[in-house]
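Enquirer: Provided below are the primary sequence and the corresponding predicted coordinates.
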Amino acid sequence: MPTTRHASDACTLLDADHKAVKKLFKAYEEIAHSSARGIAQRKLDLAREICHELTVHATLEEEVFYPALRAALRDTTPLAEAEVEHASAKELIAQLESMDEVDEMFDAKVKVLGEHIDHHVKEERGQIFPKARAARQLDLVAMKDELQSRKEALMGAEMA
């Protein structure tokens, strides 16, 4: 049975991640043009946190959410597009993670990553989530539990 829009389901959990990372991008943007003492380290820390959150989120979607949707949906074009967007984001994440200094290229990469993520989120909210919620054979409430469990495992593994 499809879940209602108001129920706490897999889409709700994934969208909470979207909102959390959006706050991190806003925090970065607020300090992007500052030359205050210690700001470079704050930028590095925020960028690393953004990259970590996005990496965990992408893993959840790629391991659990997208495969379930591929099996349930006839039109998987939005999923293919989402996977291409993930690949693009992963490339920028890898570039950011390899940088040890904050310069104008670092700031530009964070900004472009944020723009990519904004676009990706709009497509998920506008196309993928509604299709997932309409798919009768998907139990998005049970999937939320699976996603939450996997997220905790990923967060724990990366903290160790």
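Expert: Good, I have the coordinates. Numbers count the residues shown, from 1 in each chain.

Enquirer: what pLDDT does residue 4 get?
Expert: Each residue has a pLDDT score; the one for residue 4 is 45.

Enquirer: quick one, which residue of the chain lies the farthest from its center?
Expert: Here the centre of the chain is the reference, and by C-alpha atoms, centre = their mean the most remote residue is residue 37, at 30.4 Å.

Enquirer: Now do the contacts for it.
Expert: Not one residue lies near residue 37 by C-beta atoms under 8 Å, 6 or more residues apart in numbering. C-beta coordinates here come from the backbone N, C-alpha and C atoms, glycine included.

Enquirer: same check, this time on residue 60
Expert: So residue 60 contacts 14, 17, 147, 150-151, 154 (C-beta under 8 Å, 6+ apart).

Enquirer: now it, nearest residue through space, not along the chain?
Expert: residue 147 (5.2 Å; C-beta to C-beta, 6 or more residues apart in numbering).

Enquirer: ok, residues contacting the helix or strand that that neighbour is a member of?
Expert: Element membership of residue 147, judged by DSSP states H and E, is helix 140-159. Residues outside helix 140-159 that contact it (C-beta under 8 Å, 6+ apart): 2-3, 7-14, 52, 56, 59-60, 63-65, 68, 132-133.

Enquirer: ranges for the helices of this protein?
Expert: Secondary structure of the chain, counting by DSSP state H: helices at 10-31, 39-60, 66-72, 77-98, 104-123, 129-134, 140-159.

Enquirer: From the contact counts, what lies against the shortest one?
Expert: Meaning helix 129-134. Contact partners of helix 129-134 among helices and strands, from 3 or more C-beta pairs under 8 Å, 6 or more residues apart in numbering; DSSP states H and E: helix 10-31, helix 66-72.

Enquirer: pLDDT weak spots in this protein?
Expert: Along the chain, the parts satisfying pLDDT under 70 run over 1-7, 157-160.

Enquirer: let's see it at 90
Expert: 1-7, 32-38, 100, 103-104, 155-160 (pLDDT under 90).

Enquirer: OK, contacts around residue 123?
Expert: Counting by C-beta under 8 Å, 6+ apart, residue 123 has contacts 78, 81-82, 85.

Enquirer: neighbour-wise, which of those residues leads?
Expert: residue 82 (22 neighbours; other C-beta atoms under 10 Å).

Enquirer: In contact with residue 93, which residues?
Expert: Contacts of residue 93 (C-beta under 8 Å, 6+ apart): 51, 54-55, 113.

Enquirer: Same list, these, but as JSON lines with neighbour count please.
Expert: As requested, these are exported to JSON lines (neighbours: other C-beta atoms under 10 Å):
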{"residue": "51", "neighbour count": "22"}
{"residue": "54", "neighbour count": "22"}
{"residue": "55", "neighbour count": "17"}
{"residue": "113", "neighbour count": "24"}
